[in-house]
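In: please work out how this folds:
(2 chains)
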Amino acid sequence: MPVAGMWGSDLVAQRPEFYQIMKSPFDGTEVVCVKALVPDYAIIHVQEADIFGNCRILGPSYQDALLARAAKKTIITTERIVGTYRMQEEPKLTAIPHFLVEAVVEMPGGAKPGICYPEYLAVDWAEHKAYQKAVKAGEVPQYAGKMLEGRL
Amino acid sequence: MHTKLMSLSQATDFIKDDMLLAMGGNAMHRNPVLFALALSQKPLKNLKMCAAAPGIATDIMMPQSDTVYFGFFGLENEAGLAPGMRKGMEGDAKVKAIEGS
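Out: Now for the predicted structure:
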C-alpha cells in the first residue's frame, strides 16, 4: 500500500522485501509502497469488553485499533466484562467493535507482569525477573504453568 | 450480536502453525501476556509475529516463531532488552528479524 512518508530513509533501499517505489497511476509521481501485513489474528488485551466483543481501551491505545482492523479476526482478553450500556453511553470510545472479534476472554491481570493502566501501574519486578531466568534456562512453559494456574 | 465469551484454552485453540499474529500493547504495557503464556505451552511452530513495538507477549512467542516484523523490539527502562528476542535472533538463532521503521 502507498505511504506518504519514508523518503530519505535508508530502509527503502535496505528492505526491498518490505518497501518498493512505484509510479502513481494518477500523475506518474513516485510513491513509496509498503508491504501490507494481514495478520491471521490480532490478540489484544483491553480494560473493558462486553460479551459480544465491543472493547474500550483506557489510556494509550498504541496501534491496537489498527491491528484489529488489519487482522482477519481479533481475540480479546479483558480485565473485566462490562455491560453493553457502557458502549451505548459513549459510542465513540469503542476502540474495537464486536464484528472484528472472534473471542472474548475475561482475564483480570492478563498483562502481568507488565503494566495495564489504570489497573496496575508498575511492572511486577519479581515476576519479570523470574521470566528472564526462565528464558535463559529454556523453561518458559514451566513459568507459564505457574502463572496460569487455575486460569485456563 | 452473539456472545463470544470463552475460556483461555478455548481461545488459544484458534491459533495454528504458520499463522501471522499481531500482539497488542507496547513493550511492557497492556500486552496479552497470559494469552501468550498459554500459547507457549502448545506445540505451535513457524509463527510469524508483527507489531510496531512488540514487547513481552511477542518475546514469549520467540521459541515458536520464525519471523518477526517490527519497528522497535524491546522492553523498556529497567526491564532492558527482550530476552526471548535476543535468544531467538542472535548468532545462529532461527528467528528472522524484519525491521520496518
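
In: from the chain's centroid, how far away is the helix or strand where residue A:141 lies?
Out: Per DSSP states H and E, residue A:141 falls inside helix A:140-147. The chain centre lies 22 Å from the centre of helix A:140-147; the measure is C-alpha atoms, centre = their mean, to the nearest Å.

In: that one vs chain B: in contact?
Out: Yes. Helix A:140-147 reaches chain B (C-beta under 8 Å from any C-beta of the partner chain) through A:140, A:141, A:143, A:144, A:145, A:147. Every C-beta, even on glycine, is put in place using the N, C-alpha and C of the backbone.

In: so who does the residue nearest to the third one when sequence neighbours are not counted touch?
Out: So the one you mean is residue A:143. Nearest-residue entry for residue A:143: residue A:134, 3.7 Å, with adjacent residues in sequence omitted and distances by C-beta to C-beta, 6 or more residues apart in numbering or on different chains. Residue A:134 makes contact with A:140, A:142, A:143, according to C-beta atoms under 8 Å, 6 or more residues apart in numbering or on different chains.

In: doesn't residue A:134 belong to a helix?
Out: Yes. Counting by DSSP: H, G, I helix; E, B strand; the rest coil, residue A:134 is found in a helix.

In: which residues touch residue 22?
Out: No chain specified, so I'll use chain A. With C-beta under 8 Å, 6+ apart, residue A:22 has these contacts: A:2, A:30, A:31, A:33.

In: actually, chain B is the one I wanted.
Out: Shown in contact with residue B:22 (C-beta under 8 Å, 6+ apart): A:37, A:39, A:41, A:42, A:43, A:67, A:70, A:71, B:49, B:50, B:51.

In: show me what counts as buried in stretch A:59-69.
Out: A:61, A:62, A:63, A:64, A:65, A:67, A:68 (16 or more other C-beta atoms under 10 Å in any protein chain shown).

In: out of the residues you listed, who's near chain B?
Out: Restricting the buried residues of stretch A:59-69 to those near chain B by C-beta under 8 Å from any C-beta leaves A:62, A:63, A:64, A:67.

In: could you point out which element follows the worst-scoring helix or strand of chain A on mean pLDDT?
Out: Least confident element among the helices and strands of chain A, by mean pLDDT, DSSP states H and E: helix A:11-14 (a mean of 90). With elements assigned by DSSP H and E, the helix or strand that comes after helix A:11-14 is strand A:19-23.

In: run the chain-centre distance for that following strand.
Out: 28 Å.

In: and if you look at stretch A:97-112?
Out: Stretch A:97-112 sits 11 Å away from the centroid of its parent chain (C-alpha atoms, centre = their mean).
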